[in-house]
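**Student:** need the 3D shape of this:
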Amino acid sequence: MRRLPSSHVVRHVLPLLAVLALVTSASATAGLPLPEAEVEVTEGAVVLRHAGVTLVYVDGLGWLADLDAPPPVIVDGVAWVAPQVAEALGLGLGPQRPTAAGPAGTLVGVRVAGSTDVRVVLDLEGLDAASLRTLGAVGRVESGDALQVRLPQLDPPASLPANAGAVDLRWDFDPQGVLLEFSGVPFAYEVFALAAPTRLVIDLRPDRDGVPVPREEVVALAPGVLYRSFRAAASQGPSRVHLIEVAPGAGEWRVVGANGDARPTLAWADGAFLAINGGYFEPASRAAIGLLVVDGTWLSPPSRGRAAVGFGVDGVVIDRIETRIAVWLDERLVLSVGHELAARMQLHAQPGAWVGSGTMGALSLDGDDLVIDNRAGPVRVPPGGRVVVYPPEHRALALAEPGTRVRTALSVTPTAFAGVRYAVEAGPLLVKDGRDAFAPESEGFARGVRILDEVTQQAAIAVRADGTVLLLAAEAMVAADLVPLLVNLGAVDGMRLDSGGSTTLVADGQVLNRRSERSVVSAIVWRPEAP
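**Tutor:** Coordinates of the predicted model:
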């Protein structure tokens, strides 16, 4: 047995793993029973908690802690899980559970490459890469601290390196397993497992001349356009984040979309260099929910005082948008309501679009704003005309006869939205004036729904004080996790876009995040300036 002394101060410790056989019985074939673990079952997800550790399994995504393991099985409130899940919760061993006997595998060799940025690769035999996934971590070690990586029992090779560039390596082999320790100069690190063959990789980025080296790579995609990919903290564990930064004054921003026409974001991006999905919509009718302005035409009005983003001559504006609508019939004011009621009033100008419903009235107007039809919807917007959709309790509108002249006025707050050429509503608002503005209830969002309060993909748009626009797609967060992330990125204003399966960030014809084929009715696109 070989034992080398370990460091005196340790703050970064990754969990001990053991390779265990699955329990098989008539009552449970999923693995190990965990009566000690707290189980929470929600729509589309299972949450396991024990001793301060939380693991989440999401349908369609798997374990958010990068565990390559089957889903848990819940029997009479008790979770049955694969051994690596039990180990991650600190419950892998016990009197009623199988134990590992002898070495779990062999450490065939250790490879060290690089001089400034260093990669340490442990070649392993007899271990499944899935059993190492819980070791995945990203962090930083300061001078006097150390990173410790704990592994199961392994047969060691004939020789082991004592350093990785400027970082010292120490090894400890004992009956409890293998302890690998990194210490010395300050450094950033990322630990991850690879399969076929099984390897554990530790990337080290020592400070250069006393200055920390960023963990993420920054790639210039076009003049004024930078792409960053990095891992960020989130409430249920680190998440991969894809970020595009567009310098102020570079290119042109637009919103593309239409009522009744749903396409994947990649299709909406045809001819554009950048794109991200836009606002919400009704799946059945494919009608936009809330404000949608395309090339100066209001295809859909604001809805519930929710957040919107607009692009105009004054730049980018992100804020909650409120409206007031007034209606005159033959120059007689018959209606004037604030945004709470105005949300039920809709003005549609997209020719040929089906608008309204059987529970709402619809005033069809010609190009001179004269009533040509007044009945329950849905109705088509006439060529060159528009449709005013109204609640039937507005009796004056319900009694309007053909030939009646209709005049409408829509006032918008903030007033910057009144002059935007392109805009789309989504929400909730995340950041305003550089501070937390997350209050989804004030925008009519229900709490507890998966797309808002459960872990899924999240899309957002934000702007810095200098006018830099940020497009962001996070792969595993709840909506509230976007707030500190945007603040740390220097955003002064930011909002969430439609998310979940709609989340799609596109650059130069490529989808950057985990691809979704979900069709949407709007997208935000960016085109370089014409020569």
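
**Student:** contacts, neighbours, all on C-alpha from now
**Tutor:** OK.

**Student:** L132 - that's part of a helix, no?
**Tutor:** Yes: secondary structure assignment places L132 in a helix (DSSP: H, G, I helix; E, B strand; the rest coil).

**Student:** all helices for this protein, in order.
**Tutor:** Remark: helices assigned in the chain by DSSP state H are 83-88, 265-268, 339-342, 395-398, 450-453, 482-488.

**Student:** so which of those gets nearest F438?
**Tutor:** For the helices of the chain, proximity to F438 was assessed by CA to CA; helix 482-488 is nearest, at 7.3 Å.

**Student:** identify all contacting residues around the closest one.
**Tutor:** With contacts defined as CA atoms under 8 Å, 6 or more residues apart in numbering, helix 482-488 is touched by 232, 430-431, 434-436, 438, 458, 460, 462, 494.

**Student:** quick one: which of those is nearest D314?
**Tutor:** Distance to D314, by CA to CA, is smallest for A462 among the contacts of helix 482-488, at 15.8 Å.

**Student:** wait, doesn't the closest one sit right on A473?
**Tutor:** No: at 11.7 Å, A462 does not count as touching A473 under the criterion of CA atoms under 8 Å.

**Student:** ok, for D481, nearest residue in space, not its chain neighbours?
**Tutor:** In space, and not counting its chain neighbours, D481 is closest to A234: 5.7 Å by CA to CA, 6 or more residues apart in numbering.

**Student:** for that neighbour, grab phi and psi.
**Tutor:** Torsion angles at A234 (phi, psi; degrees, to the nearest 10) stand at phi -150, psi 170.

**Student:** OK, contacts around it?
**Tutor:** By CA under 8 Å, 6+ apart, A234 lies in contact with 477-478, 481.

**Student:** which one (most neighbours) among the residues you listed?
**Tutor:** Ranked by the number of neighbours (other CA atoms under 10 Å), those place M477 first, at 30 neighbours.

**Student:** give me the spatial nearest neighbour of that one, chain neighbours excluded.
**Tutor:** Spatially, and ignoring its direct neighbours in sequence, M477 is nearest to V455 (4.8 Å; CA to CA, 6+ apart).

**Student:** shouldn't the one you found be in contact with A474?
**Tutor:** No: the criterion here is CA under 8 Å, and V455 misses it with A474 at 10.2 Å.

**Student:** more crowded one of the two?
**Tutor:** The neighbour count for V455 versus A474, taken as other CA under 10 Å, is higher for A474 (31 against 25).

**Student:** measure A250 to V492 for me?
**Tutor:** Using CA to CA, to the nearest Å, A250 is found at 19 Å from V492.

**Student:** er, Q458 I mean
**Tutor:** Relative to V492, and taking CA to CA, Q458 is found at 19 Å.

**Student:** tell me where the model's unsure across the chain.
**Tutor:** Of all residues in the chain, those with pLDDT under 70 make up the ranges 1-31, 75-76, 92-102, 213-217, 237, 339-343, 515-516, 530-531.

**Student:** what sits against the residue nearest to the spatial centre of it?
**Tutor:** Closest to where the C-alpha atoms of the chain average out (CA atoms, centre = their mean) is Q458, at 2.2 Å. Counting by CA under 8 Å, 6+ apart, Q458 touches 473-479, 482, 496-500, 503.

**Student:** out of those residues, list just those in strands.
**Tutor:** 473-477, 496 (DSSP state E).

**Student:** adding distance to G358, write these out as JSON lines.
**Tutor:** Shown next, in JSON lines, are the ones in strands among the contacts of Q458 (distance: CA to CA, whole Å):
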{"residue": "A473", "distance to G358": "38"}
{"residue": "A474", "distance to G358": "39"}
{"residue": "E475", "distance to G358": "39"}
{"residue": "A476", "distance to G358": "39"}
{"residue": "M477", "distance to G358": "38"}
{"residue": "R496", "distance to G358": "31"}
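
**Student:** relative to P301, which of these is nearest.
**Tutor:** P301 lies nearest to R496 out of those, by CA to CA, at 18.7 Å.

**Student:** look at the closest residue to that closest one other than its chain neighbours and say how many residues are nearby.
**Tutor:** Distances taken as CA to CA, 6+ apart put A460 closest to R496, at 4.3 Å, once the chain neighbours are dropped. Neighbourhood size, A460 [other CA under 10 Å]: 29.

**Student:** does A460 really touch L497, like I thought?
**Tutor:** Yes: in terms of CA under 8 Å, A460 counts as a neighbour of L497; the distance is 5.1 Å.

**Student:** so what's the residue nearest to M477 up against?
**Tutor:** 58, 236, 476-478.

**Student:** returning to what we had before: redo the contacts of Q458 as TSV? Include distance to A195.
**Tutor:** Listed next are these as TSV, based on distance: CA to CA, whole Å:
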residue	distance to A195
A473	27
A474	25
E475	22
A476	23
M477	26
V478	30
A479	32
L482	32
R496	36
L497	36
D498	35
S499	31
G500	29
T503	29
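
**Student:** list buried residues within these.
**Tutor:** Among these, the ones that count as buried by 16 or more other CA atoms under 10 Å are 473-479, 482, 496-500, 503.

**Student:** now the residue nearest to A416 when sequence neighbours are not counted: how far from R49?
**Tutor:** Using CA to CA, 6+ apart and skipping residues adjacent in sequence, the residue nearest A416 is V317, 7.1 Å away. Distance, V317 to R49, using CA to CA: 42 Å.

**Student:** more crowded one of these two?
**Tutor:** Taking other CA under 10 Å, V317 and R49 do not tie; V317 has more neighbours (21 against 15).

**Student:** tell me the bridge partners for that one.
**Tutor:** V317 has the following beta-bridge partners by DSSP bridges: G310.

**Student:** so who does it touch?
**Tutor:** Contact analysis of V317 by CA under 8 Å, 6+ apart lists 309-311, 416-417.

**Student:** what about 7 Å?
**Tutor:** The contact partners of V317, taken as CA atoms under 7 Å, 6 or more residues apart in numbering, are 309-311.

**Student:** who wins on neighbours among those residues?
**Tutor:** Of all these, the most densely surrounded is V309 (32 neighbours; neighbours counted as other CA under 10 Å).

**Student:** which positions in stretch 356-372 come out as buried?
**Tutor:** 356, 360-366, 369-372.

**Student:** distance to W80 added to those residues, as CSV?
**Tutor:** CSV is the format used below for those (distance: CA to CA, whole Å):
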residue, distance to W80
G356, 50
M360, 51
G361, 55
A362, 56
L363, 60
S364, 60
L365, 63
D366, 65
D369, 66
L370, 68
V371, 66
I372, 66
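
**Student:** from these, which is closest to A409?
**Tutor:** Closest to A409, out of all of those and judged by CA to CA, is D369, at 12.7 Å.

**Student:** correct me, but the closest one touches T404?
**Tutor:** No: D369 lies out of contact with T404 (CA atoms under 7 Å); the separation is 8.3 Å.

**Student:** residue contacts, the residue of the chain positioned farthest from its centre?
**Tutor:** Using CA atoms, centre = their mean, the residue of the chain lying farthest from its centre is G403. It sits 50.4 Å away. In this structure, G403 makes contact with 370-372, judged by CA under 7 Å, 6+ apart.
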